[in-house]
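Asker: Just to be clear, the model below is a prediction. Sequence and coordinates:
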Amino acid sequence: MQEEQCEGILLQSREVGESDLIVTFWTDRFGRMAFRAPKARKSQKRFAGQLQSFARLRLVFQRAREEERLPQLLRVDPSEGVAILPEELGAFASASFAGELMLRMTDEGDANAALYALFTGFLSFCASAALTPKALARFEMRLLELLGLLPSWSRCMECGSMIALVHTARFDLLQGGLVCGDCRPTQSHEAPLLTPILRAALDALQRKVTLEGETEPLWREVLGLLDRRLCHVLGHETRSRRFLAEVIGF
């Protein structure tokens, strides 16, 4: 079988047999992809201890003849990019949360170059700077946008009317969109009120512009809303998000 190559970020690994690993990467060419790495726990020549969480690697692999079998990872080489080390607790917690979202919100083999760029860019940011509520909210919003799960912040889902930014609206978390004052959300307790300033912050974040008078408490409120949206998409809060909140305080 012909050898293939790609670049990828290691998301997950598990031991199988006496010395093999099953490793899952988010790759630049093939999206999320799992490989079998024979003798990876013993091989110093082909892997040399490089199969660490969130390592950015050049992968050389070979596809199996049978469809039900995993491709075989032949060897890896370091790629460009800042490493996320476990002892760097804040960066590692941030990477763990982003990695869990990439694992759970994407399908095997669904390539998305923009999503790969978002993921690698976020990891590089976390490795070189302190995470802020606005930075994390920006990552979550862009992720939802690339996955087609981000609603319009200006139009009612029920009646289709435009809702001016100066008006308060509800965000129906179950349906994933805004509901104007004349329409009723699916369940009121699952539809928090969005004040004009909060809607302006969401709009500015999506358009990547600076909001006049923005504050950290405002971005924490935006982040809380996006976190709740992700919880509804996933079905429950992720353990990695709880861990991240414990480490960085939001």
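Answerer: Sure thing, it's come through.
Asker: which helices and strands sit right next to the biggest helix by length in the chain?
Answerer: Longest helix in the chain, counting residues (DSSP state H): helix 216-234. Packing partners of helix 216-234 (3 or more C-beta pairs under 8 Å, 6 or more residues apart in numbering; DSSP states H and E): helix 133-146, helix 196-207. Using the backbone N, CA and C atoms, a C-beta is placed for each residue, glycine as well.
Asker: between those, which gets nearest to residue 221?
Answerer: Distance to residue 221, taken as C-beta to C-beta, is lowest for helix 196-207 among those, at 6.0 Å.
Asker: show me where the chain has helices.
Answerer: Taking DSSP H as the criterion, the chain carries its helices at 89-104, 113-128, 133-146, 196-207, 216-234, 239-248.
Asker: can you put the ones you listed in JSON lines and add mean pLDDT?
Answerer: Output for the helices of the chain, formatted as JSON lines (pLDDT from 0 to 100):
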{"stretch": "helix 89-104", "mean pLDDT": "96"}
{"stretch": "helix 113-128", "mean pLDDT": "95"}
{"stretch": "helix 133-146", "mean pLDDT": "96"}
{"stretch": "helix 196-207", "mean pLDDT": "93"}
{"stretch": "helix 216-234", "mean pLDDT": "94"}
{"stretch": "helix 239-248", "mean pLDDT": "96"}
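Asker: how about those helices, which one is nearest residue 152?
Answerer: Comparing these by C-beta to C-beta, helix 196-207 comes nearest, at 9.5 Å.
Asker: What residues of the closest one count as buried?
Answerer: Residues of helix 196-207 classed as buried: 198, 199, 200, 201, 202, 204, 205, 206 (neighbour count, 16 or more other C-beta atoms under 10 Å).
Asker: Can I get the residues you listed in a markdown table including distance to residue 64?
Answerer: Formatted as a markdown table, the buried residues of helix 196-207 follow (distance: C-beta to C-beta, whole Å):
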| residue | distance to residue 64 |
| --- | --- |
| 198 | 50 |
| 199 | 50 |
| 200 | 52 |
| 201 | 49 |
| 202 | 45 |
| 204 | 48 |
| 205 | 43 |
| 206 | 42 |
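Asker: Quick check: mean pLDDT of stretch 17-33?
Answerer: Here stretch 17-33 scores 95 as its mean pLDDT.
Asker: Buried residues of it, list them for me.
Answerer: Using 16+ other C-beta under 10 Å as the test for burial, stretch 17-33 gives 20-28, 30-33.
Asker: Pull the contacting residues for the closest residue to residue 12 other than its chain neighbours.
Answerer: Distances taken as C-beta to C-beta, 6 or more residues apart in numbering place residue 24 nearest to residue 12, at 4.3 Å, with adjacent residues excluded. Applying C-beta atoms under 8 Å, 6 or more residues apart in numbering to residue 24 gives the contacts 10, 11, 12, 13, 32, 33, 34, 35, 103.
Asker: So what sits opposite residue 24 in the bridge?
Answerer: Under the criterion DSSP bridges, residue 24 forms beta bridges with residue 12, residue 34.
Asker: quick one: it from residue 77, how far?
Answerer: To residue 77, residue 24 is 19 Å away according to C-beta to C-beta, to the nearest Å.
Asker: Ok, residue 225 next?
Answerer: 41 Å.
Asker: higher neighbour count, these two?
Answerer: In this view residue 225 and residue 77 are compared by other C-beta atoms under 10 Å, and residue 225 has more residues nearby, 20 against 12.
Asker: wait, doesn't the more buried one sit right on residue 176?
Answerer: No - counting by C-beta atoms under 8 Å, residue 225 does not reach residue 176; the two are 11.7 Å apart.
Asker: residues contacting the most far-flung residue of the chain relative to its centre?
Answerer: Most distant residue from the mean C-alpha position of the chain: residue 182, 34.5 Å away (C-alpha atoms, centre = their mean). The contact partners of residue 182, by C-beta under 8 Å, 6+ apart, come to 156, 159, 161.
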